[in-house]
Each structure stands twice: as C-alpha cells, then as structure tokens.
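> 3D model of this:
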Amino acid sequence: MSLKAIAATLGLSVTTVSRALNGYDDVAAATRKRIEEEAHARGYRPNDAARRLKTGRANAVGLVFPISHASLNDSYYSQMLLTLDQCLAQHDIDLLLLPDKSHDQHRKLMRMMRSGAIDALILTHTLPQDARLQRLQQKGFRFLTLGRSELPQPYAWIDYDNHAGTFLAVEHCLQQGLPRLAYLGSNEFSTFTLDRRQGFIDALIQHQAPVDQSLMAALPATRRSGYQQTNAWLAQGDAPQAIITDCSTLGEGAAIALQQAARLKGAQAIPLYVYDGLPHDSIIDQPVNTILQLSQQRIGERIAEMVLQLLNDTPVNQLQTLWQPVLRLTSDAQ
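Below you'll find the model as predicted:
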C-alpha cells in the first residue's frame, strides 16, 4: 500500500503523509493521528531503507553487556530484555545485544558507535569511573545507563538507591536484636555492588553495631560461592545471627546451605535477606526476606520510555530516574 493511496483517501499531500509516518514534528497532532490510523488499517509499513535515508536514523539501539557477567541468563534480567525489546519494536526500533570485552579496550563498542548502525546505547554494570561512558560523552553519542557513574556532564540514567536497600535490611536486623550480621556480596566492581556493600557498613556504623570483616565476603556471584561461604560461617563456633546477600545467585547458594543445616526455618533459623529475592526457578520453596525492586517488566517499560525520549532529543538532565527499594519480610509473604 503506497503513500499516494493514503494521501488520496484522506485528502492530504503525499509529503504530509510521509512526514507524519516518519516522525517529523511539523505535522499537527490531529492530522498525524488520522494518518497513523489509516496507515494501520491498511497494514502499511514504511520502507525502512528509505526512512533511514530521510531521517539519518538506523532505528536500532544497542544494549551493552559485559560478557564476564552471568546475569544475562538470569530470569529476572531476561524478562526485562523481553519487555524492552517488545516496547521498542512497537516503534520499529530493533534492540541489539552487544557483548563488551574489557580486554580489547571496548574497541568493538566504539566501532559500533562510529558505524552508524545504532542510534543510541544502553549500558549496564556501570563503574564509578567508567571509561566507556566518558568516551561516549566526549563523542556526543546518545546513551542511557542502568546504574550511575561519575561523569563531568549530565547524562541519562535509571537506577535504584542500592545503598538504601542493604541499609533497610541491617536496620531491620538490629531492631530484631540481631547485631552479628554477615554480608555475602559479589566481587564485581560495579557501582551498584559497591553501593550495596557501603549501605551495609554505613547502617552498622550509624547504629553503633560491630563491623566484623570476617563476616564480610566478596566472591564471584554464583550459587556455589554463596553455598560454600555460608557453610564456612556455619562451621564457626559463633555463626552469624543473620545473612544479607547482594544478589539472587549468592542468596540461593546461602539458602541451600541454610536449608541443609536446618537453619532456614524453625527455632534455629538464621534470617536471610536477599537483594532481588531468590531466582524464579530456585529449588528453594521457603520464602526469604527480600530487598525488593520493581518488576523487571516495569523496568523494561521505563527504559524503553527513556530511550524514545533520548532519541527525540529530550535534555538528558530530564532523563534521570531513581527508584527506592522496599523490604519484604517472610511474614509478609506467608
């Protein structure tokens, strides 16, 4: 179905129809709506190649993911990606997954940026001092981050108050009369892992509780690491009174160890607090305390909204979203 047929039906010029369907903002809203409804009814889809020539857009967004991290296989993360892809597809924008190899100094990432094959980048696992973001900002390339970094100029980001989540968990433990706390954290250097660890420490210091370094672990974010470290703590004469973990995989490893030791529930239970909760496919069916963030579906929707705004040149200082986590206790889940 051609633009001419749509234009003839609506009594408009082909130019007006073309500009409305290609996203130009000089077409009145009411006229644009009529054109879009008619195009949809006729099953019209614009020629992608022609549209790219006119707009200078690739209609593709890249999501950069460090290949050293296993979170891409996590069911929570998968739901976010699926939602993001579906939302962008509604606007004829493709989502491309781009593995980022730090050992090649992000050369592939920079090649993709220069190639014109993508209009913007979404970057995960941000670092406090992130060379990727610094280069993108220097080049004036559009990007949105999941997490925050220290940059000289404002930029678009979406994040949780990760410091607040572990702070909440510590405060609840102390209110329950449990001062001997263990922290099971990943050894990743991303901003969110550092913030979660610092929230744990700051809460203890603020409430004048002991900070026991022997009860603070920095390990690969795997079930095995969480399982082994929890068993090591349980083998001590003075086991921790509660355990706080900074991710689902470490949390499940800890939960398995506690369950095997008959310490996950009952009179001898050691309360377990897991950031993001246990994985959806966890073999543990006993509820644990959860530092809860929004659903991954809602996160995917919000990222898509912000990407579309970014592509429409919304000022980046208006594209900054910070969400607060909440603490969901096992008593709430039962």
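
> immediately after the helix or strand of the chain with the lowest mean pLDDT, which helix or strand?
When the helices and strands of the chain are scored by mean pLDDT, DSSP states H and E, helix 48-55 comes last with a mean of 52. As assigned by DSSP states H and E, the chain's next helix or strand after helix 48-55 is strand 60-66.

> which residues in the stretch 1-150 of the chain form strands?
60-66, 94-100, 120-123, 143-146 (DSSP state E, counting those that start in this stretch).

> reformat these as TSV; add mean neighbour count, distance to residue 182 and mean pLDDT.
Placement of C-beta: from N, CA and C, glycine included. Listed next are the strands of the stretch 1-150 of the chain as TSV, based on neighbours: other CB atoms under 10 Å; distance: least, CB to CB, whole Å; pLDDT from 0 to 100:
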stretch	mean neighbour count	distance to residue 182	mean pLDDT
strand 60-66	22	27	86
strand 94-100	16	32	86
strand 120-123	23	32	93
strand 143-146	23	28	94
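
> can you add distance to residue 298 and give those strands back as a markdown table?
Listed next are the strands of the stretch 1-150 of the chain as a markdown table, based on distance: least, CB to CB, whole Å:
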| stretch | distance to residue 298 |
| --- | --- |
| strand 60-66 | 17 |
| strand 94-100 | 17 |
| strand 120-123 | 16 |
| strand 143-146 | 14 |
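
> right, and residue 5 touches residue 41 too?
No. Contact criterion CB atoms under 8 Å: residue 5 and residue 41 do not qualify, at 11.5 Å.

> nearest residue to residue 274 in space, please, no chain neighbours.
Take residue 274 and drop its neighbours on the chain: the residue closest to it by CB to CB, 6 or more residues apart in numbering is residue 251, 3.2 Å away.

> who touches the strand or helix carrying that neighbour?
Per DSSP H and E: residue 251 is located in helix 248-260. By CB atoms under 8 Å, 6 or more residues apart in numbering, the surrounding residues in contact with helix 248-260 are 70, 74, 76, 184-186, 219, 221-231, 234, 243, 245, 264, 269-270, 272, 274-279, 282-284, 286, 288.

> and for stretch 185-199?
Against stretch 185-199 from outside (CB under 8 Å, 6+ apart): 69, 125-128, 147-149, 159-160, 162-167, 170, 183, 200, 216-221, 245-247, 250, 275.

> for that stretch, C-alpha coordinates in PDB please.
C-alpha atoms of stretch 185-199 as PDB (Å, rounded to 0.1, in the frame of the first residue of the first chain):
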ATOM      1  CA  GLY A 185      28.500  -9.800  48.400                       C
ATOM      2  CA  SER A 186      29.900 -10.200  44.900                       C
ATOM      3  CA  ASN A 187      33.400  -9.200  44.000                       C
ATOM      4  CA  GLU A 188      32.300  -7.200  41.000                       C
ATOM      5  CA  PHE A 189      33.500  -3.500  40.900                       C
ATOM      6  CA  SER A 190      30.200  -2.100  39.500                       C
ATOM      7  CA  THR A 191      28.700   0.900  41.200                       C
ATOM      8  CA  PHE A 192      25.600  -1.000  42.400                       C
ATOM      9  CA  THR A 193      27.600  -3.700  44.200                       C
ATOM     10  CA  LEU A 194      29.800  -1.100  45.900                       C
ATOM     11  CA  ASP A 195      26.800   0.900  47.000                       C
ATOM     12  CA  ARG A 196      25.100  -2.100  48.400                       C
ATOM     13  CA  ARG A 197      28.100  -3.000  50.400                       C
ATOM     14  CA  GLN A 198      28.500   0.500  51.700                       C
ATOM     15  CA  GLY A 199      24.900   0.600  52.700                       C
END
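
> distance of the residue nearest the centre of the chain relative to residue 133?
In the chain, the residue lying closest to the centroid (CA atoms, centre = their mean) is residue 146, at 5.0 Å. Distance, residue 146 to residue 133, using CB to CB, to the nearest Å: 12 Å.

> list residues touching both of these two?
Jointly contacting residue 146 and residue 133 under the rule CB under 8 Å, 6+ apart are 123, 126.

> tell me the SS of the closest residue to residue 289 other than its chain neighbours?
Distance criterion CB to CB, 6+ apart; nearest residue to residue 289, sequence neighbours excluded, is residue 273 at 4.4 Å. Counting by DSSP: H, G, I helix; E, B strand; the rest coil, the backbone at residue 273 sits in strand.

> can you tell me how far residue 273 sits from residue 250?
For residue 273 relative to residue 250 (CB to CB), the value is 11 Å.

> what about those two, which has more around it?
Remark: of residue 273 and residue 250, residue 273 carries more neighbours, 31 against 28, as counted by other CB atoms under 10 Å.

> that one bridge partners, please.
Per DSSP bridges, the residues bridged to residue 273 are residue 244, residue 289.

> tell me the confidence at it?
Model confidence at residue 273, given as pLDDT, is 97.

> so it sits against residue 288, correct?
Yes. Under the criterion of CB under 8 Å, residue 273 makes contact with residue 288 at 7.3 Å.

> what residues are shared contacts of those two?
If you check residue 273 and residue 288 against CB under 8 Å, 6+ apart, no residue is contacted by both.

> so where do the helices sit in the stretch 1-150 of the chain?
3-10, 14-21, 29-41, 48-55, 75-89, 107-115, 131-139 (DSSP state H, counting those that start in this stretch).

> per-residue pLDDT, residue 188?
88.
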